[in-house]
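> A predicted structure for the sequence below; I have some questions about it.
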There are 2 protein chains.
Amino acid sequence: MIRVLVADDHNLFRDGLTRILDSQPDIEVIASVDSGEAAVARAAEIQPDVFLLDVNMPGIGGVGAIRELREINPQARILMLTVSESEEDLFTAVRSGARGYLLKDASTNQLVDAIQRIHAGEAVLNPLMAAKLLDQFAALPKALQPTPEMEELTTREQQILHLLTHGLSNKELGKELAISPYTVKAHLRHILEKLNLRSRVEAAAWAVRHGLTKPPV
Amino acid sequence: MIRVLVADDHNLFRDGLTRILDSQPDIEVIASVDSGEAAVARAAEIQPDVFLLDVNMPGIGGVGAIRELREINPQARILMLTVSESEEDLFTAVRSGARGYLLKDASTNQLVDAIQRIHAGEAVLNPLMAAKLLDQFAALPKALQPTPEMEELTTREQQILHLLTHGLSNKELGKELAISPYTVKAHLRHILEKLNLRSRVEAAAWAVRHGLTKPPV
DNA sequence: ATTTATATAGTCCAAATGGACTATATAAGC
DNA sequence: GCTTATATAGTCCATTTGGACTATATAAAT
């Protein structure tokens, strides 16, 4: 049984959704709310398997609720429903961790299928939105996957490279890592040699391009 | 009529595909080849609307052909077919410009629908592969979309920021843009002020994070 | 046991950087 | 006509950076 929370500020639409889903043998709507805030408020208590969130709701909306919902309930899957084709919402939702993004003109079958797939760990995108996402993906600067070079860097060097992307000077780096700025300089030199770069500026750009950006310290 | 080129090194599979597609009222297989190289060779001459490419073929394979095909025929859409769930191939294909990625266990209906959608500018992803893609997307460092701040930068400032990500010094920047290094410095100062950054290092990282990376000069 | 890699710390020195200024020409907006 | 933004170019000066070195302690590899 897939336990679903539905969030939509249009009562009629929400009730219609609930009836459709409840009529499915393997889906159960266990909560029905009219805002992102309400979804967050009830998430901890009822632990749904899937959140079905409308994008446009008063307050934080569906997109604004995603991160919190995932913190509260990391294994839950999130499916967005929307009328608009805003790229902004799409990207934010996907980056926040949504696993599905459908327009409200989807058929009943598509919606039910999407919920089942998302529950199974797959992802479902409306083909129009998928196109926007792929365009964005294709426009990405470079790899962002681990590269051979990256593995040649020691953890210390990676640390320094990471902090470098936040603009720290050698002195600041030294303070941050509790080592002498001279040592920082030595590490930096090794980094430049290993990656064949000419300056800390290029090194910072390289680091960002290769996804070496854990949360700022 | 959607004009399709099919590339697959398994004769039986390719012929089966061709029959299925030709039986559709709006689809016409205008070429059928057994390698990525052959697809590239015929692309210019026959100008298909959609390329249906197998991923695993001897030689450059389907993925390796994408970039060349798109150079020859930029408005053509590319749909990949594969048996494997290799993330490597998926990412490369999408980054190269593929607009669809289906596993070979897809149904006839799904394939036909995918071709139609892709031809219409939409994108179609197998839900399993879509999940991998979304995970990757969610792991991206940051925005990469134009931000309000970016629009405040003048074209000159954006130029400089862009070159900065390749590690150029003020002197080099000046030479590249045929202006005095002092002027470069002035622009740089304005950039730092506008974006509220402290150094060119931070500026370079900012630029990469926000996708300010047109092809290196 | 010896080599190699890593992390540490330093010196000397030329070049680059960034901040605080000044200044001019041009184009756009009001 | 006046103001503002942009692009240009400069000075002075303290700080930072990067290159070329040296040096030590520790841990892992052979």
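Thanks, I have the structure now. Numbering: from 1, shown residues only, chains lettered A, B, ... in the order given.

> Pull up the residues of chain A that are close to DNA strand C.
A:152, A:154-157, A:174, A:177, A:179-180, A:182-183, A:185-187, A:199, A:201 (CB under 7 Å from any atom of the strand). Quick note: C-beta positions are derived from backbone N, CA and C, even for glycine.

> Looking at neighbours, which among those is most surrounded?
Within the residues of chain A next to DNA strand C, most neighbours by other CB atoms under 10 Å in any protein chain shown means A:V201, with 23 neighbours.

> and that residue, that's in a strand?
No. A:V201 sits outside any strand when classified using DSSP: H, G, I helix; E, B strand; the rest coil, being helix.

> quick one, what contacts it?
B:L164, B:T165, B:G167, B:R200, B:V201, B:A204 (CB atoms under 8 Å, 6 or more residues apart in numbering or on different chains).

> secondary structure class for the last one?
In this case it means B:A204. helix.

> what about it, how many residues close to it?
Neighbours of B:A204 (other CB under 10 Å): 33.

> would JSON lines of the contacts of A:V201 with pLDDT be doable?
Listed next are the contacts of A:V201 as JSON lines, based on pLDDT from 0 to 100:
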{"residue": "B:L164", "pLDDT": "88"}
{"residue": "B:T165", "pLDDT": "87"}
{"residue": "B:G167", "pLDDT": "86"}
{"residue": "B:R200", "pLDDT": "90"}
{"residue": "B:V201", "pLDDT": "91"}
{"residue": "B:A204", "pLDDT": "89"}
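
> Let's have those in a markdown table, adding distance to B:R99.
Putting these into a markdown table (distance: CB to CB, whole Å) gives the following:
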| residue | distance to B:R99 |
| --- | --- |
| B:L164 | 33 |
| B:T165 | 29 |
| B:G167 | 34 |
| B:R200 | 38 |
| B:V201 | 37 |
| B:A204 | 32 |
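
> from memory A:N170 sits against A:K185, does it?
Yes. Shown here, A:N170 and A:K185 form a contact pair, counting by CB atoms under 8 Å, at 5.4 Å.

> domains of chain A?
In terms of domains, chain A is parsed into A:2-135, A:142-209 (source: automatic domain parsing).

> So what's the gap between the first one and the chain middle?
Distance of domain A:2-135 from the chain centroid (CA atoms, centre = their mean, to the nearest Å) equals 14 Å.

> and it, what's its mean pLDDT?
Averaged across domain A:2-135, the pLDDT comes to 91.

> Tell me how many other residues crowd the residue lying closest to A:A44 once chain neighbours are set aside.
Ranked by CB to CB, 6 or more residues apart in numbering or on different chains and with sequence neighbours excluded, the top spatial neighbour of A:A44 is A:I72, at 5.1 Å. Neighbour count of A:I72, defined by other CB under 10 Å: 17.

> if I pick A:I72, what's in contact with it?
A:I72 touches A:V40, A:A43, A:A44, counting by CB under 8 Å, 6+ apart.

> and what of A:L21?
For A:L21, the contacting residues are A:V4, A:V6, A:I27, A:E28, A:V29, A:L52, A:L111, A:V112, A:I115, by CB under 8 Å, 6+ apart.

> could you redo the last one with a cut-off of 10 Å?
A:2, A:4, A:6, A:27-29, A:32, A:50, A:52, A:108, A:111-112, A:115 (CB atoms under 10 Å, 6 or more residues apart in numbering or on different chains).

> Tell me the predicted confidence for the residue sitting furthest away from the middle of chain A.
In chain A, A:Y182 marks the outermost C-alpha relative to the chain mean, sitting 38.3 Å out by CA atoms, centre = their mean. Looking at A:Y182, its pLDDT is 89.

> Please identify which helix or strand holds it.
helix A:181-195 (DSSP states H and E).

> can that helix be found next to DNA strand D?
Yes. Applying CB under 7 Å from any atom of the strand, one finds helix A:181-195 touching DNA strand D at A:P181, A:K185, A:A186, A:L188, A:R189, A:L192.

> so how many other residues sit close to the fourth one?
Right, the one you point to is A:L188. Here the count is done by other CB under 10 Å, and A:L188 has 19 residues near it.

> List the residues that contact it.
Per CB under 10 Å, 6+ apart, neighbours of A:L188: A:E157, A:I160, A:L161, A:L164, A:N170, A:L173, A:S199, A:R200, A:A203.

> Show me the subset of those that also lies near DNA strand D.
A:N170, A:S199, A:R200.

> Restrict the residues you listed to those that also contact chain B, please.
Taking CB under 10 Å from any CB of the partner chain as the test, chain B is in contact with A:S199, A:R200 out of the ones next to DNA strand D among the contacts of A:L188.

> Find me the pLDDT at A:K194, would you?
83.

> now A:P215
A:P215 is assigned 34 on the pLDDT scale.

> Likewise for A:T147?
53.

> quick revisit: ok, the residues of helix A:181-195 next to DNA strand D vs DNA strand C, which is closest?
Top of the list for closeness to DNA strand C, among the residues of helix A:181-195 next to DNA strand D and by CB to the nearest atom of the strand, is A:A186 at 3.9 Å.

> do you know how far the closest one is from A:G174?
Counting by CB to CB, to the nearest Å, the separation of A:A186 from A:G174 is 11 Å.

> what is in contact with the two at once?
Shared contacts of A:A186 and A:G174, defined by CB under 10 Å, 6+ apart, comprise A:S180.

> In contact with A:R200, which residues are there?
A:160-161, A:164, A:167-170, A:173, A:185, A:188, A:191-192, B:167, B:199-201, B:204.

> Go again with 6 Å.
Shown in contact with A:R200 (CB atoms under 6 Å, 6 or more residues apart in numbering or on different chains): B:V201.

> What parts of chain A come near chain B?
A:94-95, A:97, A:117, A:122-125, A:127-128, A:130-131, A:134, A:137-138, A:141, A:165, A:167, A:198-202, A:204-205, A:208-209, A:211, A:213 (CB under 6 Å from any CB of the partner chain).

> Going by neighbour count, list what's buried in stretch A:93-110.
Residues of stretch A:93-110 classed as buried by neighbour count (16 or more other CB atoms under 10 Å in any protein chain shown): A:A93, A:V94, A:R95, A:S96, A:G97, A:A98, A:R99, A:G100, A:Y101, A:L102, A:L103, A:K104.
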